[in-house]
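Peer 1: Give me the fold of what follows.
(one chain, ligands or ions: 1)
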Amino acid sequence: MCGIVGYVGKADVTEVLIGGLKRLEYRGYDSAGVALIDDDRIVVNKVSGKVAGLKARVREEWGDGRYAKATTGIAHTRWATHGTPTEVNAHPHLDHTGEVALVHNGIIENYRSLRARLEGNGHHFESDTDTEVLAHLVGECDKGDLFQAVCDALHQVEGTFGVAVISSREPGRIIAARRGSPIVIGVGDGETIVASDAAAIMAHTQRVVYLDDNDIAIVTADAVELRDLNNVPVTREIAELRYDEAAAEKGGYEHFMLKEIHEQPEALANAIRGRLDFDLGSSVLSGMGTSPRELGELARVVLVGCGTSLHAGLVGEYAFEDLADIHAEVEQAAEFRYRNPIMGSRDLMVAISQSGETADTLAAVREGIQKGAFVMSLVNVVGSTISRETGRGVYLHAGPEISVASTKAFTCQVAVLLMMALKLGRGRRFSRVQGRELAREIERIPELVEMVVAQSDRIAEIAKEYSKGEHAYFIGRGPMYPVALEGALKLKEISYVHAEGFHAAELKHGPIALLEQDTPVIAIACDVPGKDKTLGNIEECKARGARILGLVSERDHETAECMDDYIMIPRCHQLVATIPAVVALQLFAYHVARLRGCEIDQPRNLAKSVTVE
Ligand code: AGP
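Peer 2: Just a heads-up that it's a prediction; the model follows:
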């Protein structure tokens, strides 16, 4: 989810590159850098922090027109996935000769083994990133032809990439390639721009070429030559850019929230990629830094978080107890920190946080460490305070989440918690066969979510029947109970409807007094244990005049007929089903809020990261 810009042409290269980065910075970047070819060498400038900091640094150090003659350069704004957002980890990265510079978008899964082999060949690395490994790999493959060197290097890579590479031995040329991470090339008049997002190109030209996976381009100021990674020429048509800049920032979506809901198949694929071991029927979460023996000695898992992250922990509680046969409990972080919790070395504390900066969750981490627990984090922002203070854990790889209402972070949190529970379970009573079955179900998650996202227009139609009320109640059982809570929070925080989530059985103990004619009840009636009891609760609500929107399992037409409206959820393992189910509720909340004319991305009174107690 980083920003890449490359330029070959007659304009002020530095100006073009930094201007392009500014247009890509909307997604919240944590470090930035630029590399130019100056005569027979490469010069680099990098900062941690925003593009504005890079612009100031470049003006200060290069502002005397020192590199005005440069014709070729690349630049990058980073969303950290490997290595904290420091200056040394910022891109561009150089190879061992300092003559090749590279910027990269994506995740290289086999970077550790590549790094070990390169170190064995005498390479030394400055950063913690997978990208620097790729730069050194290109350098090692470089026998005087940069194009061939990039091809040979990328053939050794497992994972995703969008790259732009330059060499001081080949001024006036950029090599660009993609697999799983977008690269678009702007074809100008005597100039060419490479970028990860057309927003960086629009100021220079409307004529663009979109690379497909495994395309590689040889870019000069006057030409773009396309081949595949096997050096076979390919043809891609030149398209005309048609969009306004504001829309471009949101990838063409009306709101960041809708973009991030639709991004979930890709985000979940990134969260899961390389983390399932089908041979052992387990998961590979090396960031946990634990041996099977250490995990086997744990007596309890304590999941702490706030808001949506707390709800993810509630799903995790079911997963750890069901899959790992271990006692699990969830704590609201603020409450945990002020209690005098009983905790010790046989407790695993998992701090769940998208931002990694939530004050109450951070305080709970410090309390857990103080009590001698085994503390790790599950966060999205690499290098965030919580990830640094726990020193171990699992990054979500969900990409930047801009909308205040959390969507893709939640589903990635649940996916990673399932993989954590699988890992613990395989160290206990969960068999290899059971593990493989669950791993296959987890691997399906992106496809399952795609099936729900595809129903967005239908959900928008349904939302019209629910957009005028001021109250709504969400009910669910089992692992769908936290999904009901999360669905209520989504609706509450972006549409300002008073929405409440309940365990389905809880209604009879008071809340049902609130039901009147046409009061909306959103009932999660997927095929999970207790469904028949939930159907009974639904009848109790209908008897009081409530209007029922049901989430039902696909092809369950009998249950669907009991509802006033319904959304079909793909059939899968009951714990996995929480993810497509919540995506349906995210879309429901979004469309209701949109119909009510709400702000959506920045709801009143809220902040994306609550760094105060
Ligand atoms: C989620 O939609 C809310 N924005 C909020 O509840 C959020 O989940 C909570 O503040 C925790 O944030 P964190 O995940 O960054 O720690």
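Peer 1: Please tell me how far residue 172 sits from residue 223.
Peer 2: According to CB to CB, to the nearest Å, residue 172 and residue 223 sit 11 Å apart. Placement of C-beta: from N, CA and C, glycine included.
Peer 1: ditto for residue 196
Peer 2: From residue 196 to residue 223 the distance is 21 Å (CB to CB).
Peer 1: do the same with residue 49
Peer 2: For residue 49, the distance to residue 223 equals 36 Å [CB to CB].
Peer 1: more neighbours, the two?
Peer 2: More crowded of residue 49 and residue 223, by other CB atoms under 10 Å: residue 49, with 15 against 11.
Peer 1: Now do the SS call for the spatially most central residue of the chain.
Peer 2: Centroid-nearest residue in the chain: residue 398, 0.9 Å away (criterion: CA atoms, centre = their mean). Per DSSP: H, G, I helix; E, B strand; the rest coil, the local secondary structure of residue 398 is coil.
Peer 1: which bits of this structure sit near the ligand?
Peer 2: 306-309, 353-355, 358, 361, 404-406, 493, 609-610 (CB under 6 Å from any ligand atom).
Peer 1: List only buried entries from those.
Peer 2: Neighbour-count burial (16 or more other CB atoms under 10 Å) applied to these gives 306-309, 353-355, 358, 361, 404-406, 493, 610.
Peer 1: and those, which of them are in strands?
Peer 2: Judged by DSSP state E, the subset of these located in strands is residue 353.
Peer 1: among the buried ones among the residues of the chain next to the ligand, which are in helices?
Peer 2: 307-309, 361, 493 (DSSP state H).
Peer 1: of these, closest to the ligand?
Peer 2: residue 307 (1.9 Å; CB to the nearest ligand atom).
Peer 1: gap between the nearest residue to the closest one once chain neighbours are set aside and residue 263?
Peer 2: Leaving out its chain neighbours, the residue that sits closest to residue 307 by CB to CB, 6 or more residues apart in numbering is residue 489, at 6.7 Å. Separation of residue 489 from residue 263 (CB to CB): 20 Å.
Peer 1: Need the residues that contact stretch 604-611.
Peer 2: When contacts are defined by CB atoms under 8 Å, 6 or more residues apart in numbering, stretch 604-611 is touched by residues 306-307, 354-355, 357-360, 401-402, 404, 493, 496.
Peer 1: got the contact list for residue 143?
Peer 2: By CB under 8 Å, 6+ apart, residue 143 lies in contact with residue 149.
Peer 1: Got phi/psi on it?
Peer 2: The phi/psi pair for residue 143 (degrees, to the nearest 10) reads phi -110, psi 30.
Peer 1: One more: residue 378?
Peer 2: phi -130, psi 90.
Peer 1: can you pull the pLDDT of the nearest residue to it once chain neighbours are set aside?
Peer 2: Once flanking residues are discounted, residue 378 sits nearest to residue 352: 4.8 Å by CB to CB, 6+ apart. The model reports residue 352 with a pLDDT of 98.
Peer 1: how far away is residue 352 from residue 170?
Peer 2: 47 Å.
Peer 1: Between these two, point out the one with more neighbours.
Peer 2: residue 352 (32 against 21).
Peer 1: ok, the more buried one touching residue 302?
Peer 2: No: with contact defined as CB atoms under 8 Å, residue 352 does not count as touching residue 302 (11.0 Å).
Peer 1: and the next element down the chain from the worst-scoring helix or strand of the chain on mean pLDDT?
Peer 2: Every helix and strand of the chain was ranked by mean pLDDT, DSSP states H and E. The lowest is helix 245-249, at a mean of 59. Using DSSP states H and E, the helix or strand that follows helix 245-249 towards the C-terminus is helix 256-262.
Peer 1: for that next one, packing partners?
Peer 2: Judged by 3 or more CB pairs under 8 Å, 6 or more residues apart in numbering; DSSP states H and E, the packing partners of helix 256-262 are helix 578-595.
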